[in-house]
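*Asks:* from the sequence below, what's the structure:
(2 chains)
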Amino acid sequence: MIRWILDRKWLPIVLFSSMIGLFSSGIELLSSNLIGLVVSASIAVGVFLSRKYSVISIFLIPVSTYLLATLSTNPFLELLLLASSVLLVSAFGSRLVRIGNIFLALISSVLVGLMLGYENTFVPALFGSTSNTELVKVNSLLVLTVGTALLFGLAIAGGRLSLIKLQHVGSPRDQAVQRISGERLRLEVAKQNERLEIAKDLSELLVQRITSVVSVTEGGSYAIKADPGSAERVLEKALGAARAAQAELRRLYDYLNGSIFSELVKFRIADLDELSIAYRELGFNTVIEEQGKSFPLNDGMELCVYKIVFESLQNVRKHAPVGTEISINFLWVEDGLQVLIKDNGIELANRARVAVGEIVEGYDVQDDLEALVSEFDGATLAALKDRAAIYSGRIEATKVPGVGFTLSAIFPNLKSLANER
Amino acid sequence: MAEIRIGLVDSNELVRFGRTMMMNSQKDMRVVFEESDPKVALNRIADYLVDIIIVEKSQHGFAGSDFVSKLSKTLKEAGNPAKILASAPFTSDQGRWDSIASGAADEVGLDSSGSHYLRTIRLAAKPDYVAEVEFIREFGATQQKPVITRKLAESLESLEPQQKTILAGFLEGLSDQENAKRIDIAKLRVRQLIELLLSAGGFDSRGQLLISLRDRLS
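*Replies:* Numbering: from 1, shown residues only, chains lettered A, B, ... in the order given. You can find the predicted model right below:
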């Protein structure tokens, strides 16, 4: 609710204060207490002003307390509704307003104690007593003051904690989004780290090549003075060294300007469990299943598989409605691995359309045919295919008519490759 | 003029080719062997009859200056007096310091001029060569404090006045000849004292001794 109020300007608070006002009015009207509507109006206005004009709202707390103690037939129910105003001010008010809120809530508590406890027989009647001695009055005063203070205290703490949680911890959805975004950043950092490492290696090779050129030409300049006949030999060597340096420079250039490279891995297939939890938080029922006996993969392979699943999940999130079921299957065979990521996004979307009265045509032979022959492509899929090809793998994305999409990644000899490398 | 016999250990064939041409073009230098594999070089080093071995510092399979350090120890154990001159693609004070601390007489960058390269070889090939005292003092100030073994400390304590003068001359950067001449003694006496201190400290080279005694540099 706090997030809802924060996200919109007026609508949520108007609706919420109206709801409080109507509920309070209903209570009063049930008792045929028309004057009690003043109490309802006072509480509703307090709630309405609690976000944007919380200074006014806090001053309405003792006013509403006085009114409910004098005019209402159900003062304790009204008190509960008034606590919502205290809660909202505690969440949205400035520091000064929040201090004022505590102070005025305490005054209101005393007011309730005095008016409903000391001067009223409500509390003794609640416990079946008809006595109206000074002791009973004082006890009633204390009970109601402390009780009201506790109620307001809870409201204040609740309001503040809700906002703090929202700002510093976030909702489960925020956390899931954060986790996925964090994973993406980790992937990017790992990619850049590896890129730097390879660039460093290539630079070292380049330094060696340039050093060779310098050594040959410099040595040659000395040798030619002593033996002019060595010039041809020196020039041949120098040219060869210069060409090798140029080729190395070209490799570095291509590498730094290229987009396909393998990444240094800190990602494991086991990390996917956490990712699937994050997707479940987002409303996608994600299940991971494994069949067969797994075998160890090297870092690059682990990352490759992780990346395929990660991108597939991103794709489902982008195109399928919330509630889509995603299944991730790892089929380990003797020397290979197949990863299947399936979703029922189309089925779910069709069901939603049917639910609102749309006519959804079922799939026909043409759809089946298209599913068999059409290929999906795109930058991400192309990158995944390139990545899989490093490990002799191939990726196919297919549309299952009336159901959803399936991405299949097959690595026929992953185990042998892992052992080789 | 006596010929300086040189060994060259470098995995880069073209660098060896160029440097060999350069050194062989000098009347007082002769490259007598080249080796590309550092492990083979380590196995055969004891048998090489050379004055100086120029080694590429970073060798495959050896971290940092480990190869220089191993080569230096192997030479010492075999009683081979050959000096080590480390070579690196670029000149740097830290690299030079590390090489000297690992047992090399000095380090030369392949980015330095040919004349500097040749001059360094001639200097480093001398039996009593040590790097400039100023470099050891100034760059040493940025490095960790030296640790002197108990045996070396005892040897230093028990030095006679004349030996102290010899040590002072060594720390000033004097050659054995200059040191001996200054107090009018035989050059052999100077060499004996330095050998004694090298042995007491467990050092492989004079550079290491100088580094370890740098706190005493004036």
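*Asks:* contacts and neighbour counts: CA atoms only from here.
*Replies:* Will do.
*Asks:* got the residues of the stretch 51-200 of chain A near chain B?
*Replies:* The stretch 51-200 of chain A has no residues near chain B, with proximity defined as Cα under 8 Å from any Cα of the partner chain.
*Asks:* could you check which residue of the stretch 51-200 of chain A lies nearest chain B?
*Replies:* As assessed by Cα to the nearest Cα, chain B sits closest to residue A:200 within the stretch 51-200 of chain A, at 14.9 Å.
*Asks:* that residue is in what secondary structure piece?
*Replies:* Residue A:200 belongs to helix A:172-226 when elements are defined using DSSP states H and E.
*Asks:* which neighbouring elements make contact with that helix?
*Replies:* helix A:231-257, helix A:272-281, helix B:13-24 (3 or more Cα pairs under 8 Å, 6 or more residues apart in numbering or on different chains; DSSP states H and E).
*Asks:* out of those, which is the most enclosed?
*Replies:* Ranked by mean neighbour count, these are led by helix B:13-24 with a mean of 23 (mean count of other Cα atoms under 10 Å in any protein chain shown).
*Asks:* need the contact list for residue B:194.
*Replies:* B:167, B:206 (Cα atoms under 8 Å, 6 or more residues apart in numbering or on different chains).
*Asks:* go again with 10 Å.
*Replies:* Going by Cα atoms under 10 Å, 6 or more residues apart in numbering or on different chains, residue B:194 touches B:128, B:163, B:166, B:167, B:170, B:176, B:188, B:200, B:206, B:209.
*Asks:* thinking again about what came up before, I'd like the distance between the residue of the stretch 51-200 of chain A closest to chain B and residue A:242.
*Replies:* 20 Å (Cα to Cα, to the nearest Å).
*Asks:* output the below-cut-off pLDDT ranges for the chain.
*Replies:* By default, I'm working from chain A. Counting by pLDDT under 70, chain A has low-confidence residues at A:3, A:6-8, A:121-132, A:257-266, A:360, A:362-377, A:420-421.
*Asks:* oops, I was thinking of chain B
*Replies:* Residues of chain B meeting the criterion pLDDT under 70: B:1, B:217-218.
*Asks:* and the longest helix for it?
*Replies:* Using DSSP state H, we find that the single longest helix of chain B is helix B:187-201.
*Asks:* that one: which residues count as buried?
*Replies:* Buried positions in helix B:187-201, judged by neighbour count with 16 or more other Cα atoms under 10 Å in any protein chain shown: B:190, B:191, B:193, B:194, B:195, B:197, B:198, B:200, B:201.
*Asks:* check which element follows that helix along the chain.
*Replies:* Past helix B:187-201, the next helix or strand by DSSP H and E is helix B:206-212.
*Asks:* other SSEs contacting that next one?
*Replies:* Using 3 or more Cα pairs under 10 Å, 6 or more residues apart in numbering or on different chains; DSSP states H and E, the elements in contact with helix B:206-212 are helix B:93-102, helix B:133-140, helix B:161-172, helix B:187-201.
*Asks:* relative to helix B:133-140, how tilted is the third one?
*Replies:* Meaning helix B:161-172. Computed with axes from the mean of the first three to the mean of the last three Cα atoms, to 10 degrees, the direction of helix B:161-172 lies at 70 degrees from that of helix B:133-140.
*Asks:* tell me what helix B:161-172 is packed against?
*Replies:* Partner elements for helix B:161-172 (3+ Cα pairs under 10 Å, 6+ apart): helix B:133-140, helix B:150-157, helix B:176-182, helix B:187-201, helix B:206-212.
*Asks:* interface residues of chain B facing chain A?
*Replies:* Selection of chain B residues close to chain A by Cα under 10 Å from any Cα of the partner chain yields B:12-27, B:88-90, B:110-111, B:113-115.
*Asks:* repeat the analysis, applying 6 Å as the threshold.
*Replies:* Applying Cα under 6 Å from any Cα of the partner chain, one finds that chain B approaches chain A through B:14, B:15, B:18, B:19, B:21, B:22, B:25.
*Asks:* among those, which two are most distant?
*Replies:* Distance extremes for the residues of chain B next to chain A: the farthest pair is B:14 and B:25 at 16.5 Å, using Cα to Cα.
*Asks:* host element of residue 61?
*Replies:* Picked chain A for this. helix A:54-71.
*Asks:* not what I meant, chain B
*Replies:* Assigned by DSSP H and E, residue B:61 belongs to no helix or strand.
*Asks:* any chance of the backbone angles for it?
*Replies:* Main-chain torsions, residue B:61, degrees, to the nearest 10: phi 90, psi 0.
*Asks:* same check, this time on residue B:111
*Replies:* Per degrees, to the nearest 10, the backbone of residue B:111 is at phi -90, psi 0.
*Asks:* and the closest residue to it other than its chain neighbours, helix, strand or coil?
*Replies:* Spatial nearest neighbour of residue B:111, excluding adjacent residues (Cα to Cα, 6 or more residues apart in numbering or on different chains): residue B:90 at 5.5 Å. Classification of residue B:90 by DSSP: H, G, I helix; E, B strand; the rest coil places it in coil.
*Asks:* and residue B:90, how many neighbours?
*Replies:* 13 (other Cα atoms under 10 Å in any protein chain shown).
*Asks:* how far away is residue A:331 from chain B?
*Replies:* 40 Å (Cα to the nearest Cα, to the nearest Å).
*Asks:* that residue in helix, strand or coil?
*Replies:* Put simply, residue A:331 is strand when judged by three-state DSSP.
*Asks:* thinking again about what came up before, which of the residues of chain B next to chain A lies closest to residue A:308?
*Replies:* residue B:14 (44.5 Å).
*Asks:* tell me the contacts of the closest one?
*Replies:* When contacts are counted by Cα atoms under 6 Å, 6 or more residues apart in numbering or on different chains, residue B:14 touches residue A:212.
*Asks:* circling back: so the residue nearest to residue B:111 touches residue B:108, yeah?
*Replies:* No. With contact defined as Cα atoms under 6 Å, residue B:90 does not reach residue B:108; the gap is 8.2 Å.
*Asks:* name the nearest residue to residue A:217, sequence neighbours excluded.
*Replies:* Leaving aside its sequence neighbours, residue A:217 sits nearest to residue A:238 (Cα to Cα, 6+ apart; 5.9 Å).
*Asks:* what about the residue of chain B most remote from its centre, distance to chain A?
*Replies:* Within chain B, the residue lying farthest from the chain centre (Cα atoms, centre = their mean) is residue B:161, at 27.6 Å. For residue B:161, the distance to chain A equals 49 Å [Cα to the nearest Cα].
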